[in-house]
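1. Attaching a predicted model along with its sequence, questions to come.
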Amino acid sequence: MNITKEQIDELNAVVKVAITKDDYKEKVENILKDYRKKADIPGFRKGQVPMGLIQKQYGKAVLVDEVNKLLQDNLNKYLTEEKLDVLGNPLPKQQDNFNWDADELDFEFELGLAPSFDVAIKSKKAITHYVIVADDKMIDEQVERIQKQYGKLISKEEVSKKDEVSGVFTNEAEEINNKTTLELDKLKSKKAIDSLVGKKVGDVITLKTKGLFKEDHTLTSALGIDAEKSKDLNVEVTFTIEEINEREPAALDQELFDKLFGKDAVTSVEELKAKIKEDSEKQFEQQSDQKLLNDVTEHFIENTKFELPAEFLKKWIQTTGEKPLTEDEASEEYTKSEKGLRYQLIEGKIITENNLQVQIDELKEFAKGFIKTQMAQFGQLNPAEEELENIAGRVLSNQDEVKRLSEQLMSQKLITLYKEKANLKTKEVTYENFVKEVYG
């Protein structure tokens, strides 16, 4: 077997593979002999079928199969040994009237080669790195929510603006029949609030769904319908009052602090607020980091210039999917995926040049941290190390989970790298202003 490469240009090449009979003859003959032993053909005893008949029936299929195996194995080996950085997979060139009986079988494969380029992590223009802080307003609102959540319910006879009203929403035409609890301070419609105030258990009120709540997503859970249906829902629903309660805020005392954070972890209102600030800003850091990663990614894509073997990639897209695409469809698909492909190449170069790796030990620790956070959400604040080890072991036995966690860990490593080496300007903002500035 002989493999050679013809360089077309910097981004395209053709690999030629010449296979002689000596490369596959012995293997094909052994397979056909094995077929002969097992063949069950009418008119012949098992194992006594003439080899000529076996050759006629199976020879071409076995030959093609073995040659394809040879091509795949040796082509991959060649690409690895020659350190050719290819995009997509080698594409076989169309050969009309190919003669499988020839003494030498010649094949050609088109290659799309990865471009050569440099990545400058430190840009001339500074990239904004948002640091989200929890301001006094947010902390006070969180304290109020905690007091409300752990407060005591006091039954009422009449609805007032500060009450919680339990009841059933119904609308026969829209198939709505859902029991829920309304907090009047979450209602947006003044008309709806006025129609509820003063009402008693058993009263039935008609409300309009459009603009009923301050936050649109609340309508989904209140009516027991899916988000898509609630999005543009504009109908009247009846609400039958079943229970009226006023929630008396919980006292900010040691009993509440211990319930929230464990024995004596927090001992004053000042420490409570400091803990809320710390925990909130830790959560905000994830959003800030994601924004930074997105902005740095966009910067690299816009400022790292290189050509791609576009025509090869379009052809590859056209032929390698579940179903063949037309040229126009492949071109459209390439346009959609080009930006992502560019960043994959840029990210790969950054990872290689900065020797960023995901080791199995740190992946396990990362998985344990992820598991610990999930367990905390269900009140398990201090799981045993042995339990974490066992769960992490089960998670990492799933290859899909390994891939997902590895990608998350690599993203963290990239964010750390950018914080160290990129040209960043820090901007402190409240969460409210962050949302306004980033999402509009």
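-> That came through fine.
2. From here on, just use CA atoms for contacts and neighbour counts.
-> OK.
3. Which residues are in contact with the closest residue to Ala251 other than its chain neighbours?
-> Once flanking residues are discounted, Ala251 sits nearest to Gln147: 7.0 Å by C-alpha to C-alpha, 6 or more residues apart in numbering. Contacts for Gln147 (C-alpha atoms under 8 Å, 6 or more residues apart in numbering) come out as Pro249, Ala250, Ala251, Leu252.
4. Touching, the last one and Glu271? I think so.
-> No: in this structure Leu252 lies outside contact range of Glu271 using C-alpha atoms under 8 Å: 11.4 Å.
5. Overlap in contacts, these two.
-> Listed contacts common to Leu252 and Glu271 are nil; contacts here mean C-alpha under 8 Å, 6+ apart.
6. The residue nearest to Ala251 sits in which helix or strand?
-> Assigned by DSSP states H and E, Gln147 belongs to helix 136-149.
7. Take that helix, keep the C-alpha atoms, and write them as CSV.
-> Presented in CSV, the C-alpha positions along helix 136-149 are these (Å, rounded to 0.1, in the frame of the first residue of the first chain):
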residue,chain,number,x,y,z
ASP,A,136,-29.2,47.3,50.5
LYS,A,137,-32.5,47.3,48.7
MET,A,138,-32.0,43.8,47.4
ILE,A,139,-30.8,42.5,50.8
ASP,A,140,-33.8,44.1,52.6
GLU,A,141,-36.2,42.5,50.1
GLN,A,142,-34.6,39.1,50.7
VAL,A,143,-34.9,39.6,54.5
GLU,A,144,-38.6,40.4,53.9
ARG,A,145,-39.1,37.3,51.8
ILE,A,146,-37.4,35.1,54.4
GLN,A,147,-39.7,36.6,57.1
LYS,A,148,-42.7,36.0,54.9
GLN,A,149,-41.7,32.4,54.0
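8. ok, and for the helix or strand hosting Val28, which residues are buried?
-> Assigned by DSSP H and E, Val28 belongs to helix 21-38. Across helix 21-38, burial judged by 16 or more other C-alpha atoms under 10 Å covers Lys21, Tyr24, Val28, Glu29, Leu32, Tyr35, Arg36.
9. now swap in stretch 7-25 and tell me
-> Quick answer for stretch 7-25 (16+ other C-alpha under 10 Å): Leu11, Asn12, Ala13, Val14, Val15, Lys16, Val17, Ile19, Lys21, Tyr24.
10. do the same with stretch 369-381
-> Buried, per 16+ other C-alpha under 10 Å, within stretch 369-381: Ile371, Lys372.
11. those strands in the stretch 1-150 of the chain, which residues are they?
-> 2-9, 12-20, 86-92, 104-113, 127-133 (DSSP state E, counting those that start in this stretch).
12. Contacts for the longest strand seen in the chain next, please.
-> In the chain, taking DSSP state E as the definition, the longest strand is strand 236-248. Applying C-alpha under 8 Å, 6+ apart, the external contacts of strand 236-248 come out as 148, 151-159, 162-171, 200-209.
13. Kindly reformat the strands of the stretch 1-150 of the chain as a markdown table containing mean pLDDT and distance to Glu183.
-> A markdown table is the format used below for the strands of the stretch 1-150 of the chain (pLDDT from 0 to 100; distance: least, C-alpha to C-alpha, whole Å):
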| stretch | mean pLDDT | distance to Glu183 |
| --- | --- | --- |
| strand 2-9 | 94 | 68 |
| strand 12-20 | 95 | 65 |
| strand 86-92 | 93 | 56 |
| strand 104-113 | 94 | 61 |
| strand 127-133 | 95 | 28 |
